[in-house]
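1. Here's a sequence, model it:
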Amino acid sequence: MFLHDSHLPQLLSPGDYSSPEQHARELETLFRPGWHLVGTKSDLPREGDFLTLELLGYPLLVWRCEGRFQTFLNVCPHRFSRIAKDACGTAREKLRCQYHGWEFDCDGNTRKIPDAQSFKPMTKGALGLKRYRTQTAGQLIFATLSDDAPPLEDYLGPGFDVAEELCSDDRRLAATLDYDVPANWKCKCENSLE
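-> Numbers count the residues shown, from 1 in each chain. Purely as a prediction, here's the structure:
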C-alpha cells in the first residue's frame, strides 16, 4: 500500500456504510430534495409514450403528453393500484388505471370515473394523480420529489449548460447501461473518484 503526505484521514466510520438509520437520513436530506435523471427524450420518442421506474421507494410514471414530459406517482388515488404495470408503453391522451378504469389527462386530473355518481359530491380535481416537477436539460429528463427543490438550472449549476451542450437534440444516444451495484452508494462514488 502506498502512503502519501497529503492523504486525508478516513472520516466515515464503517457503520456509515451499513447503518439503516444513516441510510434513511441520507435519503431524506441528500436525495429526496434533489433532482434525479428519470429518462431521456429518446426513451419517449412519440406522443403518449411512457416509462415506469422506482425512485427512492416511489413508483413513478414519466409520460410524454401534449409535447411535454410529466412525472406522476404511478398510483391511482382511488384504490392505490398501479396505473401502469409495464416498464414502458404508449397511452395516447389519457392514462387509465388497470384496476377500476379511472382515467387521467396530461396534467394528472381525473378525466373519467366509472360510476362517478357514487363519488358525489367531490371537488373537481380532488382525486388526481400526484405530479412531480419535471424539467429537461438537453435530452435528459429530470424529476424531483421535493416541492422545495430549486429549479434544475440552479441545482445543476454549470452542469446544466454542459448537459444542454453534450446531450443536445442534435446528438444521438449510443448506449444505455442499467445495472444494480450491491453496495452502499458512497462506495460507488468513492471508487469512481479514485
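
2. Surely Gly89 is in a strand?
-> Yes: counting by DSSP: H, G, I helix; E, B strand; the rest coil, Gly89 is found in a strand.

3. Identify the residue spatially nearest to it, adjacent ones excluded.
-> Phe50 (5.9 Å; CB to CB, 6 or more residues apart in numbering). Every residue, glycine included, has its C-beta placed from N, CA and C.

4. Give the partner strands of the helix or strand hosting that neighbour in its sheet and their orientations.
-> Phe50 belongs to strand 49-55 when assigned by DSSP states H and E. Counting by DSSP bridges, the strands paired with strand 49-55 are strand 58-65 (antiparallel), strand 88-90 (antiparallel).

5. check contacts around the residue nearest to Gly89.
-> Residues in contact with Phe50, defined by CB atoms under 8 Å, 6 or more residues apart in numbering, are 44, 61-64, 84, 88-91, 95.

6. helix/strand/coil for Ala163?
-> Going by three-state DSSP: Ala163 is helix.

7. what's the closest non-adjacent residue to it?
-> The nearest residue in space to Ala163 (CB to CB, 6+ apart) is Ala137, at 3.8 Å.

8. Could you report the pLDDT at the one you found?
-> Listed pLDDT for Ala137 reads 96.

9. residues touching it, list them.
-> 152-153, 156, 160, 163-164, 167.

10. rerun at 7 Å
-> Counting by CB atoms under 7 Å, 6 or more residues apart in numbering, Ala137 touches 152, 156, 160, 163-164, 167.

11. related to what we said a few turns ago, tell me how far the residue nearest to Gly89 lies from Asn191.
-> Going from Phe50 to Asn191 by CB to CB, to the nearest Å gives 34 Å.

12. and if you look at Leu73?
-> Leu73 is 33 Å from Asn191, by CB to CB.

13. which two from the contacts of Ala137 end up farthest apart in space?
-> Across the contacts of Ala137, no pair lies farther apart than Leu152 and Cys167, at 13.0 Å, counting by CB to CB.

14. Who has more neighbours out of the two?
-> Leu152 (20 against 16; other CB atoms under 10 Å).

15. buried ones in stretch 92-107?
-> Applying a neighbour-count criterion of 16 or more other CB atoms under 10 Å, one finds 95-97, 102-106 buried in stretch 92-107.

16. got TSV for these, with pLDDT too?
-> What follows is the buried residues of stretch 92-107, written out as TSV (pLDDT from 0 to 100):
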residue	pLDDT
Leu95	87
Arg96	83
Cys97	85
Trp102	79
Glu103	84
Phe104	89
Asp105	90
Cys106	89
